[in-house]
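In: Sequence plus predicted model, see below.
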Amino acid sequence: MFQNVEFPSEGATLRGRLYLPSNNVSKHPIIIMAHGYSATISGMVADCFAERFCSNGFAVLLYDHRNLGNSDGKPRQELNRWTQARGYRDAIDYVTALSNINTNQIGFWGDSMSGDEVLFVSAMDARVKAVVAQVPACGKEIPPKDADGTLFETLKNTFYNGDVNTPETILGPMPVVSFDQKSIPSLLKPLTAFRWFIEYGGRFNTLWTNTATYVTPKVPVKFNSVICMPYIKAAVLMMVAKQDEIQGANSDVAKYAFSLAKGPKELIEIDGGHFGLLYYPSALFEQACKEQIRFFKAYLKGEDKKST
């Protein structure tokens, strides 16, 4: 159903899968996807979403972020929002060079930290026409207001031209998840995180490792998708967990971010916390797929549009 592909990003090679639907369309709409936080594309449920999208007529590029899984990049297991966001940009460059892709029908999908990143990059790159941000990690608190757009312009300049590799703070290396925060502190604290990562990441050949280092680069304005929301021209679907238990995915911050979007937009509040829709098979997975497929059909293919 897919072929293995690779493309360059920030001096490294990113690797993933290109899914192509079995229809007679000469140029396919495409959804670009990467997993959240340290998760990988082999068996950690993002691939299940990709298969559903493909079976509904979309090409899909699903890839591992830099330093993770099948992709190159060092230090291994290092997480940097800026370089991951640039990976999404470089993924657009890659798919637009493919002869069987409709370059006017490009969608983004991201989960958790990647959900934050797809919102950010959609504001930077007008080639994105529709974006799904699933339980997006938009931050712990609402950022300062940006009435004159200065903060956004600074973020944009950093994204395209800035040094995003000089650390200001480094958290780790340490476990991604742990069953006991007192004896083995981890980057993600809730037991729901431990349960999901160990169940899915611990499966054979996922290439997931229970260790990571989170880097915050020294930049003029810290990475923040909320500041970018008024500048997104793409249609936006945000699926926000009710009372998200992950601190950096504060539900109130995500809903505030949604309120700032000016284009076509939909907000769906879901049960199951941060990880519920990442269990497959499950009713929550089916709900998420149904809504996301409907949304992509509406805003990439022009079928039955619905907005709020």
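Out: Sure thing, it's come through.
In: Need the pLDDT of Asn24.
Out: Per-residue pLDDT puts Asn24 at 84.
In: What values do phi and psi take at it?
Out: The phi and psi values for Asn24, taken as degrees, to the nearest 10, are phi -100, psi 10.
In: ok, so what distance separates it from Asn100?
Out: Look at Asn24 and Asn100: by Cβ to Cβ, to the nearest Å, they are 12 Å apart. Any C-beta I mention is one placed from the backbone N, CA and C, and that applies to glycine too.
In: For those two, indicate the residue with more neighbours.
Out: Per other Cβ atoms under 10 Å, whichever of Asn24 and Asn100 has more neighbours is Asn100, with 13 against 5.
In: Name the nearest residue to Ile268, sequence neighbours excluded.
Out: With Cβ to Cβ, 6 or more residues apart in numbering as the criterion, Ile268 has its nearest non-adjacent residue at 5.0 Å, and that residue is Met239.
In: let me redo that: Ser178
Out: Spatial nearest neighbour of Ser178, chain neighbours left out: Ser186 (3.7 Å); criterion: Cβ to Cβ, 6+ apart.
In: a strand runs through the one you found, doesn't it?
Out: No - using DSSP: H, G, I helix; E, B strand; the rest coil, the assignment for Ser186 is coil, not a strand.
In: Please give me every residue in contact with it.
Out: Taking Cβ atoms under 8 Å, 6 or more residues apart in numbering, we find Ser186 in contact with Met174, Pro175, Val176, Val177, Ser178, Ala193, Phe194.
In: Can you give me the buried ones in stretch 208-216?
Out: When burial is assessed from 16 or more other Cβ atoms under 10 Å, stretch 208-216 yields the following buried residues: Trp208, Thr209, Asn210, Ala212, Thr213, Tyr214, Val215, Thr216.
In: likewise stretch 188-201?
Out: When burial is assessed from 16+ other Cβ under 10 Å, stretch 188-201 yields the following buried residues: Leu188, Pro190, Thr192, Ala193, Phe194, Trp196, Phe197, Ile198, Tyr200, Gly201.
In: And the last one, how far from Val45?
Out: To tie it back to what came earlier, the one meant is Gly201. As judged by Cβ to Cβ, Gly201 and Val45 stand 11 Å apart.
In: repeat for the first one
Out: From Leu188 across to Val45, the span is 16 Å (Cβ to Cβ).
In: now do the fifth one
Out: When distances are taken as Cβ to Cβ, Phe194 and Val45 turn out to be 16 Å apart.
In: got it, and the third one?
Out: Here the criterion is Cβ to Cβ. By it, Thr192 lies 15 Å from Val45.
In: ditto for the second one
Out: When distances are taken as Cβ to Cβ, Pro190 and Val45 turn out to be 18 Å apart.
In: Where do the strands of the stretch 201-308 of the chain begin and end?
Out: With DSSP state E, counting those that start in this stretch as the criterion, the stretch 201-308 of the chain has strands at 212-217, 235-241, 265-270.
In: Pick the one among the buried residues of stretch 188-201 closest to Val60.
Out: Relative to Val60, the closest of these is Tyr200; by Cβ to Cβ it sits at 19.2 Å.
In: OK, contacts around that closest one?
Out: Neighbouring residues of Tyr200 by Cβ under 8 Å, 6+ apart: Ala39, Gly43, Met44, Val45, Thr206, Trp208, Leu278.
In: mind redoing it with 6 Å?
Out: For Tyr200, the contacting residues are Met44, by Cβ atoms under 6 Å, 6 or more residues apart in numbering.
In: Show the pLDDT at it.
Out: Reading off the per-residue confidence, Tyr200 sits at a pLDDT of 98.
In: Kindly report the same for Thr308.
Out: 41.
In: Work out the gap between the longest strand seen in the chain and the centre of the chain.
Out: Among the elements of type strand in the chain, defined by DSSP state E, the one spanning the most residues is strand 101-111. With Cα atoms, centre = their mean, to the nearest Å as the basis, the distance from the averaged C-alpha position of strand 101-111 to the chain average is 12 Å.
In: Quick check: neighbours of it in the sheet, parallel or antiparallel?
Out: The strands that strand 101-111 pairs with in its sheet are strand 28-34 (parallel), strand 128-134 (parallel) (by DSSP bridges).
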